[in-house]
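Asks: pasting the structure only:
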């Protein structure tokens with residue numbers, strides 16, 4: 001009888017936690033709008049996200065082919081990151097980058113001529129109600145790793161933070177924005193490794209208006225790769 005009671009309590013706890021997470025998602029305006037606007041963005045891409053069966057991820061490639069956003073499709077403990085940006089190393093090498101001064105995790109795709117930055121997400125199981133699509137996998141990020149998805153008021157963008165200062169952003173409303181999709185890199189580690197930001201081709205080096213957790217405004221240097229999709 002005691003074992004039955006314990007099992008019942010555990011089952012209720014799991015059900016309650018799942019229900020609470022679902023309720024929180026349904027009342028999360030930023031999260032829900034991020035999902036809706038992300039769908040609109042990937043729907044207008046000439047090359048929509050593709051599934052990588054080996055790494056169990058989705059890959060959204062920039063229109064110019066110079067960068068890509070990867071996010072998990074299925075759980076994979078052997079994968080270094082669950083969400084990340086990869087981008088061509090050549091423009092940065094040509095601008096002075098010394099690859100030997102970069103951390104090893106940034107060079108995980110160097111054999112393909114790419115640099116990368118990312119992070120692992122929560123270890124909670126991904127639960128799909130239907131077909132596993134690119135949007136459904138993005139919804140899992142909003143549901144299980146809500147702090148990863150945010151809103152950038154200054155540019156009217158939503159975004160996924162793949163690591164400190166590195167993001168993929170997209171417009172809340174493409175009809176009112178000329179930067180519909182933006183790959184964003186924190187330049188510090190690259191500049192510290194020898195990059196002259198004025199010489200990087202294919203990326204814009206600019207100061208971007210931001211807000212901290214308390215709503216205080218400040219500016220930060222970024223490498224940007226923006227695209228007007230619509």
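Replies: All right, it came through fine. Bear in mind that the values here come from a model prediction, so they are computed numbers and not experimental data.
Asks: what's near enough to touch the spatially most central residue of the chain?
Replies: Residue closest to the average C-alpha location in the chain (CA atoms, centre = their mean): residue 160, at 3.7 Å. Contacts for residue 160 (CB atoms under 8 Å, 6 or more residues apart in numbering) come out as 69, 71, 83, 141, 148, 149, 167, 168. Yep, even glycine has a C-beta here, placed from its N, CA and C like the rest.
Asks: who wins for most neighbours among the residues you listed?
Replies: residue 168 (26 neighbours; other CB atoms under 10 Å).
Asks: quick check: it is in a strand.
Replies: Yes: secondary structure of residue 168 (DSSP: H, G, I helix; E, B strand; the rest coil): part of a strand.
Asks: longest strand anywhere in the chain?
Replies: In the chain, assigned by DSSP state E, the strand with the most residues is strand 217-227.
Asks: any idea how far the residue nearest to the centre of the chain lies from residue 207?
Replies: 22 Å (CB to CB, to the nearest Å).
Asks: re the thing from before, neighbouring strands of the longest strand of the chain in the sheet, and parallel or not?
Replies: strand 181-185 (antiparallel), strand 204-211 (antiparallel) (DSSP bridges).
Asks: least reliable of the ones you listed by average pLDDT, please.
Replies: Mean pLDDT is lowest for strand 204-211 among the strands paired with strand 217-227, at a mean of 90.
Asks: partner strands of the helix or strand that the residue nearest to the centre of the chain is a member of and their direction?
Replies: Residue 160 belongs to strand 157-163 when assigned by DSSP states H and E. Strand pairing for strand 157-163, using DSSP bridges, gives strand 149-152 (antiparallel), strand 166-171 (antiparallel).
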